[in-house]
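[1] sharing a model that was predicted from the sequence below.
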Amino acid sequence: MSSADWRMRLPAAVRPYVEREPLAALMLGLSSGFPYAMIGATLTTRLAQDGIDKRSVTAFSLALLVYNLKWIWSPLVDALRLPLLGRLGQRVSWLLFAGVLVMAAVAWLAVLDPKADLMLFAAAAVAVAVAGATYDIVIDAYRIEVLKPEQLGVGSGMSQYGWRIGSVAAGSLALFVATRGDWTLAYLLCAGFALPAMLTGLVLGEPERHRVLVDAGNFAQRAIQPLVEFVKRRGALLVLLFVLLHKIGDTLANLTLRLLLNDLGFSNEEIATWDVGVGFFAYLAGIFIGGALYSGLGMQRSVLIALVLMAVSNLSFALLAWVGHSNALLAFTIAFENTASGIGGVVVVAYLSALCNLAFTATQYAALSAAASVVGRFITGTTAGGLIESMGYVSFYVFTTLIALPGVFLYLGMLRSGLIDRSLGDAGRSEDQRGRGDGGASAP
């Protein structure tokens, strides 16, 4: 039986998820998620069990900020040809190089004792963050270039499935092994999670859609080319404004949820059951729904639906704050919010991917994904607490819905004017569309 035959036996809604390219995105996601887990909750547990004081433990979370800065060195991944490995292709060579870096950094963190030299241990944690963020840059670029334009939605969903599975599996494996052995062995075993993406690159090879820069000048010129190319597109500034605005309300609501639950008197057990448990499966369901919407309705309408759902879902927080302690309402709120976030995570990520020029995929996607979260995180960190104290939770969550509306209306205006199509990069257009010059800017 051929590969096409067994796929045809599957339900039509499932078939897009088992094509070669989306399955590759799943493997890429597995490797993308695990470094974050190694320096996130897993590292917090390790340090706490080693008797490190709470102030030092929480300071290690600063290592995660490296991921927000990856756009700074992302031009290297697009422009720098690696010696020796470079003959395998720009993307495959960087997949292998960054994967080895991650494994080496995790191994370094594994063999160190935080009680013996906490500063050296902190340096190793930052090294894991830098290597993991670099791996993220390469993985995102490879995913976008290996997927066909019509697969961006399903592929983004599969990548997020992989990220979730990889981070949870690595964290669980580390805890399981550390309980029965030691943290060194646990981290060394988890380093193997870097392999799926590396093997995917070796099996699939260099993406056919990758564009190689020719006569692009010196490195400084090549570093700014992705930005220059993007801002020259029709409506580029409006697109950037949308990217900055669309997640503010969602970010404000999600990053303050635990404060609400604590003040409403929910126990740790209730939070673990509803927020962590129900939320996890609701998010996975949202990812699947998002991929189905993208495949069935196309990018433009599915993104609009996701934006509306993410804005409206914040009202469920306001309702919970108004009603008070209610497990049933908490379950509904968490399910609604995480389903909407899962849908948005797929279709909006697919849209950001489609904005990329295939000659600058690594740089442009790293910059767009960083811009998508920076405003919301800044407002949350600087003013959210004060807003809650002055407005109260109900008014605050109504405000998070209202502040999401400018992004919705801006996208709707871009949609009606045809700007969505015209601003796309060639990552979001088929070969026929590129040949006809439909929308977006072509690679140099």
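    Yes, it's here. Numbers count the residues shown, from 1 in each chain.

[2] from now on I want contacts and neighbour counts done on CA atoms only, so please keep to that.
    Fine.

[3] give the residue spans of the chain that score low on pLDDT.
    1-5, 7, 58, 212-220, 376-377, 379-382, 430-444 (pLDDT under 70).

[4] you'd agree Asn314 is up against Asp250?
    Yes: look at Asn314 against Asp250 with CA atoms under 8 Å: they come within range, at 7.1 Å.

[5] got any residues that touch both of those two?
    Common neighbours of Asn314 and Asp250, using CA atoms under 8 Å, 6 or more residues apart in numbering, are Thr400.

[6] what are the buried residues along stretch 50-57?
    Val57 (16 or more other CA atoms under 10 Å).

[7] end to end, how far does that stretch reach?
    10 Å (CA to CA, to the nearest Å).

[8] run through who's touching that stretch.
    44, 47-48, 114-115.

[9] redo that, cut-off 10 Å
    43-48, 113-115, 118, 122 (CA atoms under 10 Å, 6 or more residues apart in numbering).

[10] ditto for stretch 194-205
    Under CA under 10 Å, 6+ apart, the answer for stretch 194-205 is 20-21, 23-35, 88-89, 91-103, 132, 135, 138-139, 142, 146, 166, 207.

[11] how about a cut-off of 7 Å?
    24, 27-28, 30-31, 92, 95-96, 99, 103 (CA atoms under 7 Å, 6 or more residues apart in numbering).

[12] helices - which of those residues land there?
    When DSSP state H defines the helices, the subset of these inside them is 24, 27-28, 30-31, 92, 95-96, 99, 103.

[13] and which of these is nearest Leu189?
    Met103 (9.8 Å; CA to CA).

[14] residues contacting that closest one?
    Per CA under 7 Å, 6+ apart, neighbours of Met103: 191, 194.

[15] the nearest residue to Asp275 once chain neighbours are set aside and Arg258, how far apart?
    Nearest non-adjacent residue to Asp275, counting by CA to CA, 6 or more residues apart in numbering: Ile334, 6.0 Å away. According to CA to CA, Ile334 stands 12 Å off from Arg258.

[16] these two: who's more crowded?
    Applying other CA atoms under 10 Å to Ile334 and Arg258 shows that Ile334 carries more neighbours, namely 24 against 14.

[17] hang on, the more buried one packs against Val276?
    No: Ile334 is beyond contact range of Val276, at 9.0 Å (criterion: CA atoms under 7 Å).

[18] so which elements touch the host helix or strand of Ala321?
    Secondary structure from DSSP states H and E places Ala321 in helix 299-323. In this structure, helix 299-323 packs against helix 248-255, helix 327-354, helix 393-417, with contacts taken as 3 or more CA pairs under 7 Å, 6 or more residues apart in numbering; DSSP states H and E.

[19] which of the residues in the shortest one are buried?
    Pointing back at helix 248-255 there. Those would be 248-253, for helix 248-255 by 16+ other CA under 10 Å.

[20] just the last one next, same as before
    For helix 393-417, the neighbour count (16+ other CA under 10 Å) marks 393-405, 407-412, 414 as buried.

[21] Leu358: neighbour count?
    Leu358: 26 neighbours (other CA under 10 Å).

[22] with Gly265 instead?
    The number of residues near Gly265, taken as other CA under 10 Å, comes to 12.

[23] follow-up on the earlier one: what comes into contact with the helix holding Ala321?
    249-250, 253, 293-294, 329-330, 333, 336-337, 340-341, 343-344, 347-348, 351, 393-394, 397-398, 400-401, 404-405, 408.

[24] again, but for stretch 60-78
    So stretch 60-78 is contacted by 40, 94, 125-126, 129-130, 133-134, 137-138, 223, 360, 362-363, 366-367, 370 (CA under 7 Å, 6+ apart).

[25] what of stretch 116-132?
    Contacts with stretch 116-132, where a contact means CA under 7 Å, 6+ apart, come from 35, 39, 63-64, 66-67, 98, 101-102, 105-106, 108-109, 112, 114.

[26] list the buried ones in it?
    By 16+ other CA under 10 Å, the buried positions in stretch 116-132 come out as 121-122, 124-132.

[27] how far does that stretch sit from its chain's centre?
    23 Å (CA atoms, centre = their mean, to the nearest Å).

[28] and stretch 341-353, by the same measure?
    Using CA atoms, centre = their mean, the offset of stretch 341-353 from its chain centre is 9 Å.

[29] who's in contact with it?
    144, 152-153, 156-157, 283-284, 286-287, 289-291, 294, 299, 302-303, 306-307, 310, 365, 368, 427.
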